[in-house]
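Colleague: model this:
(2 chains)
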Number of protein chains: 2
Amino acid sequence: MTPRLLLRYGDEIERGLRDALTGESLLYRALRYHVGLEDEHGAPCRMLGKLLRPSLVLFTAGELGADLVRARFAAVGLELIHNFSLIHDDIQDRDALRRGRQSVWRLHGVEQAINAGDLMETLAVGQTLRAGAESLQALLQATVEMIEGQAMDLAFEKEEATRDAYFAMVDKKTGALIRCALELGGILGGADRTVIGHLTGLGGALGRAFQIRDDLLGIWGNGEETGKPLGSDIRRRKKSFPAALLFDRAPQAQRNTVRAIYAKPRIDEADVVRVIELMDRLEIREAGEDAVAAALDRASSHLDRLPFSRDGKEEMSELIDYLARRKK
Amino acid sequence: MTPRLLLRYGDEIERGLRDALTGESLLYRALRYHVGLEDEHGAPCRMLGKLLRPSLVLFTAGELGADLVRARFAAVGLELIHNFSLIHDDIQDRDALRRGRQSVWRLHGVEQAINAGDLMETLAVGQTLRAGAESLQALLQATVEMIEGQAMDLAFEKEEATRDAYFAMVDKKTGALIRCALELGGILGGADRTVIGHLTGLGGALGRAFQIRDDLLGIWGNGEETGKPLGSDIRRRKKSFPAALLFDRAPQAQRNTVRAIYAKPRIDEADVVRVIELMDRLEIREAGEDAVAAALDRASSHLDRLPFSRDGKEEMSELIDYLARRKK
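Modeller: Below is the predicted model:
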């Protein structure tokens, strides 16, 4: 069921990650553990996650005839930036688990997890520099946006997010790096501005669809497949797409109810059920599915205009279909 | 009393910092606040700290005939790396104050302070990239070392540092960026390997002297000048040079006493007095002064071999003298 685009580059990316994260100290071990190259005892393993971003770099670079050695450095650099942000995210959100394993701060403490993330960002830059200054500039710009998106997301914990504020946030927090993946492929392939425009358009649309789908899974996901129980993002007070839309759509009285629930020191099962009932009544899930579909329509129309091979367009369409349907 | 080398470049560095930290969001305001370009209400001010590292870049670049526009980017990039590490340091050490003002995490919370540090590192890289790939490579290498040093320092909170372990740690944590300052000047000035060797030798020695002096001030500093009361690093359980040497030198019984004090949930005045008495009996302060003097001797001998102007050597000697004597 996983699209070819997400399977094809796994071995190459794994080699690149191993090369980038060679080092003996505690921090390097924490980094290899975090990306899934080692278990918590330092034994080699392979639990690498989806590798969406680096796969998109390598795919786009391949379609556009780029130097694949440089593309691999850019792909690995981008994946490391993504992972540095996850290490620091987990501290900020107090998430004890990451892809079913203990998060770095749970294993090594908050202080060393801050260092681990800092080291990962530094190594990410070093990798990307080997792809060239222009690639690095694009990555830095995307990293700045991602961090700003992260700051906006944290600010939502104090204020209520509207649908528009939500989109502005996720287009930075999640969108920036996925856009950058396609942009890097374009830069390395020597693409002109029009092509880069369609690449970033495609990337932005994929990013939005990816994140909204994630948010829907965070509430209605099947626990066995996602590892998250029904309503888990409500329990975590996460201001995701469904929560933002709920605040937008709910009549005053119900909005106050939701506000009161999100303000409680502990959200219990009855609260979760109540919020999901409200979301169901206001057809939030359907609105989310519509938003995913709209983003993927945009993605397809950018894809149509890209100078990819016929096979390439098919593989990308497969990815788009997968993002529309994925259950974990 | 402040040496010319630390005064001469203030305006230029300030302009460079302002250019690098232009942005409207909360995080940019936090960064301008942290480096001392703004007060906590966002009003412009100038409380920039010593600017040791960027001054060393600009000085060395000037002595070696480098392009000063590129040198400014490298100087600002290095100062931003230093400041990113301070923002994250203050979180790790739970320091509420930084240069007499509230630290970023006290003002904006730990979560946003993590983001602020991350953004600062990203901007630092962007600045340095404008000085060229070779400069950026040197900066990244130094940043990796600094982060490793920071991780070693945190590990000392659990184990006892010996004198050798202490030197290994500070040569990374403090030394790496000061060495890098001189190296950057050399790279930009097109210096050969021998000259780069003396530059990093000089930088390493300055860094060690600087840190040991800092550690001595953290215990015997005059509170009115340093803002730190007598014995403040003991109260904070900091494993600085005096503490490391104390563990090395103290006979078993006294070492156990010190160990017990450092393990107490709260270190009171009597404990501080007791530790200082022990340090005085074992002539720790004198040993620290000797270590500073030895490092500065090494600095001078590297300086002798550098192709600096006569005025340049005088200015650097002035800085060396200052580091030998500084009281804050």
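Colleague: from now on I want contacts and neighbour counts done on CA atoms only, so please keep to that.
Modeller: OK.
Colleague: any idea which residue of the stretch 101-250 of chain A lies closest to chain B?
Modeller: Using CA to the nearest CA, the closest approach of the stretch 101-250 of chain A to chain B is made by A:E111 at 5.2 Å.
Colleague: got phi/psi on that residue?
Modeller: For A:E111, the backbone dihedrals (degrees, to the nearest 10) come out as phi -60, psi -50.
Colleague: spatially nearest residue to the residue most central in space within chain A (excluding sequence neighbours)?
Modeller: With distances taken as CA atoms, centre = their mean, A:T174 lies nearest the centre of chain A, 4.9 Å away. Residue nearest to A:T174 in three dimensions, not counting chain neighbours: A:G207, with 6.0 Å by CA to CA, 6 or more residues apart in numbering or on different chains.
Colleague: host element of the one you found?
Modeller: helix A:193-220 (DSSP states H and E).
Colleague: buried ones in that helix, by neighbour count?
Modeller: A:195-220 (16 or more other CA atoms under 10 Å in any protein chain shown).
Colleague: and stretch A:129-149, by the same measure?
Modeller: Using 16+ other CA under 10 Å as the test for burial, stretch A:129-149 gives A:129-133, A:135-149.
Colleague: tell me which of those fall in helices.
Modeller: Using DSSP state H, the members of the buried residues of stretch A:129-149 that fall within helices are A:129, A:133, A:135-149.
Colleague: picking that back up, do I have it right that the residue of the stretch 101-250 of chain A closest to chain B meets B:R94?
Modeller: No. In this structure, A:E111 is not within contact of B:R94 by CA atoms under 8 Å, at 10.1 Å.
Colleague: which bits of the stretch 1-150 of chain A sit near chain B?
Modeller: Applying CA under 8 Å from any CA of the partner chain, one finds that the stretch 1-150 of chain A approaches chain B through A:25, A:27, A:88, A:91-92, A:110-112, A:114-115, A:118-119, A:122-123, A:125-126, A:129, A:133, A:137, A:140, A:143-144, A:147-148, A:150.
Colleague: so what's the residue nearest to A:T174 up against?
Modeller: With contact taken as CA atoms under 8 Å, 6 or more residues apart in numbering or on different chains, A:G207 is in contact with A:171, A:174-176, A:178-179.
Colleague: burial of the residue nearest to A:G42 when sequence neighbours are not counted, as a residue count?
Modeller: Among residues not flanking A:G42 along the chain, A:R29 sits closest, at 6.8 Å (CA to CA, 6+ apart). The tally of other residues near A:R29 (other CA atoms under 10 Å in any protein chain shown) stands at 20.
Colleague: contact partners for A:R29?
Modeller: A:23, A:38, A:42.
Colleague: turn these into TSV, columns for secondary structure, neighbour count and pLDDT.
Modeller: Shown next, in TSV, are the contacts of A:R29 (DSSP: H, G, I helix; E, B strand; the rest coil; neighbours: other CA atoms under 10 Å in any protein chain shown; pLDDT from 0 to 100):
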residue	secondary structure	neighbour count	pLDDT
A:G23	coil	13	95
A:E38	strand	19	97
A:G42	coil	12	94
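Colleague: let me know the closest of those to chain B.
Modeller: Nearest to chain B among those, with distances taken as CA to the nearest CA, is A:G23, at 10.9 Å.
Colleague: give me the distance from stretch A:205-217 to the chain's centre.
Modeller: 9 Å (CA atoms, centre = their mean, to the nearest Å).
Colleague: now swap in stretch A:145-158 and tell me
Modeller: 14 Å.
Colleague: quick one: contacts of that stretch?
Modeller: A:168-177, A:237-239, B:25, B:27, B:111-112, B:115, B:118-119.
Colleague: show me which of these are buried.
Modeller: Buried among the contacts of stretch A:145-158 (16+ other CA under 10 Å): A:169-177, A:237-239, B:27, B:111-112, B:115, B:118-119.
Colleague: and the contacts of A:G207 as CSV, adding secondary structure?
Modeller: Supplementary listing: these in CSV, determined by DSSP: H, G, I helix; E, B strand; the rest coil:
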residue, secondary structure
A:D171, helix
A:T174, coil
A:G175, helix
A:A176, helix
A:I178, helix
A:R179, helix
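Colleague: JSON lines for those residues, including distance to A:D164 and pLDDT?
Modeller: Shown next, in JSON lines, are those (distance: CA to CA, whole Å; pLDDT from 0 to 100):
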{"residue": "A:D171", "distance to A:D164": "11", "pLDDT": "96"}
{"residue": "A:T174", "distance to A:D164": "15", "pLDDT": "95"}
{"residue": "A:G175", "distance to A:D164": "15", "pLDDT": "97"}
{"residue": "A:A176", "distance to A:D164": "17", "pLDDT": "98"}
{"residue": "A:I178", "distance to A:D164": "20", "pLDDT": "97"}
{"residue": "A:R179", "distance to A:D164": "19", "pLDDT": "98"}
